[in-house]
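Chemist: fold the following.
(2 chains)
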Amino acid sequence: MSQTEHTEYYVPAQSPWPILGAIALFLIAVGAGTLVAQLGKTGEAGWGKWVLIVGIIAVLFMMIGWFRDQVIESRTGLHSQQLGVSYRQGMSWFIFSEVMFFAAFFGALFYARMISVPWLGGAGNNEMTNVVLWPNFQAMWPLTTTPDGTTTQAMGPMGLPLINTIILVVSSVTVHFAHVGLEQNKRKQLSNMLLLTIVLGCIFLFLQVEEYIHAYRDLGLKLDSGVYGNTFFLLTGFHGMHVTLGTLFLIVMYFRVLKGHFTPDNHFAFQAASWYWHFVDVVWLCLFVFVYVL
Amino acid sequence: MNSVTSTQDTAAHESDHGHDSHHAHHGPAKGIKRWLYTTNHKDIGTLYLWFAFIMFLTGGAMAMVIRAELFQPGLQIVEPHFFNQMTTVHGLIMVFGAVMPAFTGLANWMIPMMIGAPDMALPRMNNLSFWILPFAFLILLASLFVEGGGPAFGWTFYAPLSTTYSGDSTALFVFSVHIMGISSIMGAINVIVTIWNMRAPGMTWLKMPLFVWTWLITAFLLIAVMPVLAGAVTMVLTDKFFGTSFFDAAGGGDPVMFQHIFWFFGHPEVYIMILPAFGIISTIVPTFSRKKLFGYTSMVYATVSIAGLSFVVWAHHMFTTGMPVYAELFFMYCTMLISVPTGVKVFNWVATMWRGAISYEVPMLFSLAFIVLFTFGGFSGLMLAITPVDFQYHDTYFVVAHFHYVLVTGAIFSLIAAAYYWLPKWTGVMYDVGLAKLHFLVFTYFR
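Modeler: This next block holds a predicted model:
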């Protein structure tokens, strides 16, 4: 650690964006909370919907403003190398927190599959659980018939899920080549590979919607069809939301690349988008194995 | 290595350098905007501490309702449903609104100064992670006034109390917990990155003050488990409002699964609330004993091992749920193992005082009370850890007493000690020592 490395501390100036973000998040929480309660009670969305919409618009406005300031400050050379390291470490820990968020749902999947469903079927010393509660229930996975008799069909790994897996893996490779292009200052490779990644991300999302339609229409697999449907839709749904965010992130990066932003040494935002993309890819691989194949 | 800076300078000339490049030369904004826009770690620390104090009084008022109702048997003052709301919100406020923000406030004030950094690593995110908190608690408190009342299922919101049997305000509860979680995660990321990346030259890992060390580990725990809490509340939300059956055996789920997910968060959470306290006591005891801390390195290792063990003990909160015997034994032994690093800490504090020139200043008084009373809390925890004994104690006031020993005379006492220790440094003003000692007597006598 040399002395000079620390002579260029950068402490950012005050900013109005965080407090706006806090207010926006407040509106989102109040709006979403009220909306959900209203939907649950009357089946109709009341005023909660409008609060939620205003909150989402405010949060987008905040993000655009905050990131715009960041980009300007970065490009005027205000940011030190140390701040770049802080950003990278911060992003890594953020991704770790996302991993733990998915871990909660994977944990629910494993628990349902390995413990609660077998126990309801009478495994171990739980014979009486089965006899007293639901004597006709057979433990199985995927849980196509729940103890209270809801039936569904399972989503197999072949077809759309397999295609989607290939698409995401390829997109992880293309975003890596885009990164390599950036580091070697091959701007053409950078923009083409990035565009290809975005297209693949959009195809993935499109196919995901197709798969949901297929599940609801043809298989009768719904969010409320027992713990198999619950874990299926929450895991793939939250993953899909992350892919959506990652795609938006990459689209912003693409326009910044077109404007000539990023140098081989200074491209934190691009790197963060690329890390995020690899992260959603890894989550999908786990999903594919544990939700579809096994 | 530093040639990058010059590249950035060249990039600077390509872009429009309007008024933005002069931002850094303005002073702080005046009036309320200073606090709303601030990126100063001391300002944000102050905000956190004031917020925690207000929440402490709010949660305390709820505790007064609870105690007034329990003053004698039978219904006295409030309805049972309101009583349950009070216990629930008291717990949530004290955990997420008082203890955690207070420690974060101390971290904001002290960590940059202790490691020689100019500020926290990500100052604007620091501002955001504070300012979303008051809004989260505004939502939580407002939910008490909606039709059907606020959350009444205990701060642990066990299913099915929080799913099948809860009111409409559960949705507001879920989203306010989401905001608290986002705040904690951002705060923790900031702390961890600050410690990792912003230490002054020469501030090597094993030279860091123990308060910094304990907060580093705490921040790691926060990032690891707050998202799991977010997952748990999300499943409660979908179970209640969207027909899922994660915690409903009729659909193949299990109410006990809720407890597993919740306590996977919950047990590290209790160390999140005590590890920084260990750091504070390890700072104060050497000062007023005029000796170096005994066993610095062992303190660091003890902190790390407590954090590591906290991930494999969660089911000791669930001994009576009918787990297999091998699971009960595993969690019992792991839990008892925690008393080893905790014991190391207590012995180290005592050994630090051994033959020291002790002076009984106010922070030291609170620290001594901490060491004695926290140890009581620890011993009662050890009793609870023994599975067959826990079968008798489970869900009794023994448990309530146990965690109030570790949280009030543990976490809160350490916070008071820290305030008395650092307030003169922060404000430049010495408090009235007589009044402070009276405060100590009142607090220890009526604890």
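Chemist: return the set of buried residues in stretch A:197-207.
Modeler: By 16 or more other Cβ atoms under 10 Å in any protein chain shown, the buried positions in stretch A:197-207 come out as A:Thr197, A:Ile198, A:Leu200, A:Gly201, A:Phe204, A:Leu205, A:Leu207. From N, CA and C alone the C-beta is placed, and that goes for glycine too.
Chemist: with stretch B:234-242 instead?
Modeler: For stretch B:234-242, burial by neighbour count (16+ other Cβ under 10 Å) applies to B:Thr234, B:Met235, B:Val236, B:Leu237, B:Thr238, B:Asp239, B:Lys240, B:Phe241.
Chemist: which helix or strand contains the first one?
Modeler: I take that to be B:Thr234. Assigned by DSSP states H and E, B:Thr234 belongs to helix B:210-241.
Chemist: can that helix be found next to chain A?
Modeler: Yes. Helix B:210-241 is in contact with chain A by Cβ under 8 Å from any Cβ of the partner chain, via B:223-228, B:230-232, B:234-235, B:237-238, B:240-241.
Chemist: for that helix, packing partners?
Modeler: Counting contacts by 3 or more Cβ pairs under 8 Å, 6 or more residues apart in numbering or on different chains; DSSP states H and E, helix B:210-241 is packed against helix A:17-42, helix A:81-111, helix A:226-258, helix B:100-115, helix B:170-197, helix B:255-272, helix B:275-289, helix B:296-309.
Chemist: for the residue in chain B that chain A sits nearest to, what are its contacts?
Modeler: Residue of chain B nearest chain A, by Cβ to the nearest Cβ: B:Gly231 (2.6 Å). B:Gly231 sits next to A:Phe101, A:Ala103, A:Ala104, A:Phe105, A:Gly107, A:Ala108, B:Ile261 when contact means Cβ atoms under 8 Å, 6 or more residues apart in numbering or on different chains.
Chemist: out of everything not next to it in sequence, what's closest to it?
Modeler: A:Ala104 (2.6 Å; Cβ to Cβ, 6 or more residues apart in numbering or on different chains).
Chemist: surely that neighbour and B:His260 touch.
Modeler: No. Using Cβ atoms under 8 Å as the test, A:Ala104 is too far from B:His260 to be in contact (10.3 Å).
Chemist: tell me which of those two has more neighbours.
Modeler: Neighbour tally, A:Ala104 and B:His260, criterion other Cβ atoms under 10 Å in any protein chain shown: the higher count belongs to A:Ala104, 23 against 20.
Chemist: picking up where we left off before, so who does the residue nearest to B:Gly231 touch?
Modeler: Taking Cβ under 8 Å, 6+ apart as the criterion, A:Ala104 is in contact with B:Pro227, B:Val228, B:Ala230, B:Gly231, B:Ala232, B:Met235, B:Ile261, B:Phe264.
Chemist: let's see if you can find the most crowded of these.
Modeler: B:Ala232 (30 neighbours).
Chemist: so that one sits against B:Trp263, correct?
Modeler: No. B:Ala232 is beyond contact range of B:Trp263, at 9.6 Å (criterion: Cβ under 8 Å).
Chemist: ok, the closest residue to B:Thr409 other than its chain neighbours - contacts?
Modeler: Distance criterion Cβ to Cβ, 6+ apart; nearest residue to B:Thr409, sequence neighbours excluded, is B:Leu373 at 3.5 Å. The contact partners of B:Leu373, by Cβ under 8 Å, 6+ apart, come to B:Tyr405, B:Thr409, B:Gly410, B:Phe413, B:Arg447.
Chemist: what residues sit buried inside the one helix or strand B:Leu373 maps to?
Modeler: B:Leu373 is part of helix B:362-385, with elements assigned from DSSP H and E. Buried residues in helix B:362-385, defined by neighbour count with 16+ other Cβ under 10 Å: B:362-371, B:373-375, B:377-378, B:380-382, B:384-385.
Chemist: quick check, the residue in the stretch 151-294 of chain A closest to chain B?
Modeler: A:Asp224 (3.2 Å).
Chemist: where does that residue sit: helix, strand or coil?
Modeler: Under DSSP: H, G, I helix; E, B strand; the rest coil, the three-state class of A:Asp224 is coil.
Chemist: show me what contacts it?
Modeler: A:Thr150, A:Asn230, B:Phe242, B:Gly243, B:Thr244, B:Ser245, B:Gly251.
Chemist: show me how chain B divides into domains.
Modeler: The record's domain parsing of chain B by automatic domain parsing lists B:33-271, B:274-447.
Chemist: any chance of the ones you listed in TSV with mean pLDDT as columns?
Modeler: Formatted as TSV, the domains of chain B follow (pLDDT from 0 to 100):
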stretch	mean pLDDT
domain B:33-271	95
domain B:274-447	95
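Chemist: from those, which stretch is densest packed?
Modeler: Using mean count of other Cβ atoms under 10 Å in any protein chain shown, the stretch among the domains of chain B with the largest mean neighbour count is domain B:33-271, at a mean of 21.
Chemist: ok, A:His261 to B:Ile111 distance?
Modeler: Taking Cβ to Cβ, to the nearest Å as the measure, A:His261 and B:Ile111 are separated by 33 Å.
Chemist: got it, and B:Trp205?
Modeler: 14 Å.
Chemist: cool, and B:Phe103?
Modeler: Noted for B:Phe103: a distance of 11 Å to B:Ile111, by Cβ to Cβ.
Chemist: could you tell me which residues touch both of those two?
Modeler: B:Trp215.
Chemist: hmm, back to that, would you list the contacts of B:Leu373 in CSV and tack on distance to B:Leu144?
Modeler: Below are the contacts of B:Leu373 laid out as CSV (distance: Cβ to Cβ, whole Å):
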residue, distance to B:Leu144
B:Tyr405, 28
B:Thr409, 28
B:Gly410, 28
B:Phe413, 29
B:Arg447, 28
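Chemist: turn those into JSON lines, columns for distance to A:Lys41 and secondary structure.
Modeler: As requested, the contacts of B:Leu373 are exported to JSON lines (distance: Cβ to Cβ, whole Å; DSSP: H, G, I helix; E, B strand; the rest coil):
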{"residue": "B:Tyr405", "distance to A:Lys41": "42", "secondary structure": "helix"}
{"residue": "B:Thr409", "distance to A:Lys41": "44", "secondary structure": "helix"}
{"residue": "B:Gly410", "distance to A:Lys41": "42", "secondary structure": "helix"}
{"residue": "B:Phe413", "distance to A:Lys41": "45", "secondary structure": "helix"}
{"residue": "B:Arg447", "distance to A:Lys41": "44", "secondary structure": "coil"}
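Chemist: now flag whichever of those residues is closest to A:Trp93.
Modeler: Checking these against A:Trp93 by Cβ to Cβ gives B:Gly410 as the nearest, at 27.4 Å.
Chemist: surely that closest one touches B:Ala277?
Modeler: Yes. Counting by Cβ under 8 Å, B:Ala277 is a contact partner of B:Gly410 at 5.9 Å.
Chemist: now list whatever residues contact both of these two.
Modeler: Residues touching both B:Gly410 and B:Ala277 (Cβ under 8 Å, 6+ apart): B:Phe370, B:Phe374.
Chemist: that older thread, tilt between the helix holding B:Thr234 and helix B:170-197?
Modeler: Here helix B:210-241 runs at an angle of 150 degrees relative to helix B:170-197 (axes from the mean of the first three to the mean of the last three Cα atoms, to 10 degrees).
Chemist: so B:Phe413 touches B:Phe366, yeah?
Modeler: Yes. B:Phe413 is in contact with B:Phe366 according to Cβ under 8 Å; the separation is 5.1 Å.
Chemist: what sits in contact with each of those two?
Modeler: Joint contacts of B:Phe413 and B:Phe366 (Cβ under 8 Å, 6+ apart) are B:Phe443.
Chemist: pLDDT score for A:Gly159?
Modeler: Looking at A:Gly159, its pLDDT stands at 88.
Chemist: mind giving me the domain split of chain A?
Modeler: If you go by automatic domain parsing, chain A breaks into A:13-78, A:83-293.
Chemist: between the ones you listed, which gets nearest to B:Phe153?
Modeler: domain A:13-78 (15.6 Å).
Chemist: no further queries at this time; thank you.
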